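Q: let me see the structure of the following:
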Amino acid sequence: MPSVQRYDSVPIRDYHFDDQTSFLYVYRVPIAGAMVQKYVKSDGSEEMEAKLPEEILSDSTVSSANSKPVTDGHHGLVTKDNSHDLMKGFTASNGHVEGNMLYNDITITDPNLISQIKSGDKRELSIGFETQMDPTSGTYNGTKYDAVQRNIRINHVAVVPKGRAGHEVRLIGDSAEAVEQVEPSEEKGNQMETRVVRADGQNITVAADDVEKITKLDADNSAKAKQIADLDAQIKKLKAEKAQLQGNADEANKKADSLETDNEKLKEQINHLKGDAFDERLNLIDKVKSFVGDSDYDYHGKTDRDLKIDAVKAIKGDSIDFEDKSDAYVQAAFDMLEKPKQVSGYAGPDPETKGDSQDVDLMALRDASYGY
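A: The predicted model follows:
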């Protein structure tokens, strides 16, 4: 069932004033009753709607009439957000049923509204309520109806100008965004028929013929507002992506600068190697070649230690084991290859020695490695 809002009116009965506060009180005023009423739709067609006793006089509906705002005219639903501006009084908490009518007491506190009631400019109470429309037809008390108002919930009671019998104000639609319409008088003369529409979050009064134009314009504006919001979201997203890319570029530049620094350091090391260390390597290769020969020896990929061992073995033979020997030992063996043979005293044939000549060389290597 569609949910709609309705405004129904009843005349203000006898009222009196409080001696201390000067507030206006209306006791035991009939707010609503079981009946069939005529409503005029926004397209100009009429519909008879029924407030059946089981709906308008139900406990939930009677309870909804208690402690509700009293307003100066209708301005849509009253909530905590707009009550400061709209609330001019309140209903009592003694809503009750008498026969087929719902009664309650009314208190009006606003001095301007009280003055209008006293002057007779406004002498009618109109309830604003929400209801669900049940498109079930039938007959109540001999009057045919086209639909039934279900789940009636009273939102406020408005004070409106004095109207003729049967004066009705209603809100067409499913929410406060709908069109508020007053039933045209049979003797409206040259008066322009107006409607109250909800546009851009505000209630505005326009000529009845302009309702469709205004509602369409409001819908177009809402669509444009959504497009603007979507574009703003896209711009925000693109800015975030740009910032991320900028951050990545900055990081890449830092890495490039770091690599450039490392490259400069490597160049310095290479230049250093090309100096004394490079010359020492060339000198060593030349010395080794003098022992092993230039023809078939390949020194590429060999360490200084490997070169020295190859030189020693080329002269002394492969029987010398350099495994687990220290670099000092290898250096001593290599240096002995360059030492000239020293002769003093007897220059004849070598005296007879015991043991193998290799043992003598090894002993010499050992002494040399220890610095003897």
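Q: just give me the neighbour total for Ile106.
A: Residues lying near Ile106 (other CB atoms under 10 Å) number 23. (Each C-beta comes from the backbone N, C-alpha and C, glycine too.)
Q: same question, Arg150
A: 17.
Q: low-confidence stretches in the stretch 201-350 of the chain?
A: 201-212, 218, 269, 271-276, 295, 338-350 (pLDDT under 70).
Q: helices along that one, start to end?
A: In the stretch 201-350 of the chain, the helices defined using DSSP state H, counting those that start in this stretch lie at 211-272, 278-292, 304-316, 327-338.
Q: just put the ones you listed in a markdown table and tack on distance to Val26 and mean neighbour count.
A: Output for the helices of the stretch 201-350 of the chain, formatted as a markdown table (distance: least, CB to CB, whole Å; neighbours: other CB atoms under 10 Å):
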| stretch | distance to Val26 | mean neighbour count |
| --- | --- | --- |
| helix 211-272 | 34 | 11 |
| helix 278-292 | 114 | 14 |
| helix 304-316 | 118 | 18 |
| helix 327-338 | 117 | 17 |
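Q: so which of those comes closest to Val97?
A: Of all the helices of the stretch 201-350 of the chain, helix 211-272 sits nearest to Val97, with 37.5 Å by CB to CB.
Q: output the contacting helices and strands for the closest one.
A: strand 194-199 (3 or more CB pairs under 8 Å, 6 or more residues apart in numbering; DSSP states H and E).
Q: give me that answer again for 10 Å
A: strand 179-182, strand 194-199, strand 202-207, helix 278-292 (3 or more CB pairs under 10 Å, 6 or more residues apart in numbering; DSSP states H and E).
Q: gap between Tyr145 and Gly138?
A: Distance from Tyr145 to Gly138, counting by CB to CB, to the nearest Å: 6 Å.
Q: what's the answer for Met87, then?
A: 38 Å.
Q: the more surrounded of those two?
A: Met87 (17 against 13).
Q: phi and psi next, for the more buried one.
A: Torsion angles at Met87 (phi, psi; degrees, to the nearest 10) stand at phi -80, psi 120.
Q: that one contacts Ser67, correct?
A: No: assessed by CB atoms under 10 Å, Met87 is found out of contact with Ser67, at 11.5 Å.
Q: before we move on, the earlier item: can you redo the helices of the stretch 201-350 of the chain as JSON lines with distance to His16?
A: Below are these laid out as JSON lines (distance: least, CB to CB, whole Å):
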{"stretch": "helix 211-272", "distance to His16": "41"}
{"stretch": "helix 278-292", "distance to His16": "119"}
{"stretch": "helix 304-316", "distance to His16": "123"}
{"stretch": "helix 327-338", "distance to His16": "122"}
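Q: who wins for proximity to Ser93 among those?
A: helix 211-272 (38.4 Å).
Q: now do that closest one against helix 278-292, angle only.
A: 50 degrees (axes from the mean of the first three to the mean of the last three CA atoms, to 10 degrees).
Q: so which residue is dead centre in the chain?
A: Nearest to the mean C-alpha position of the chain, by CA atoms, centre = their mean, lies Ala233 at 10.5 Å.
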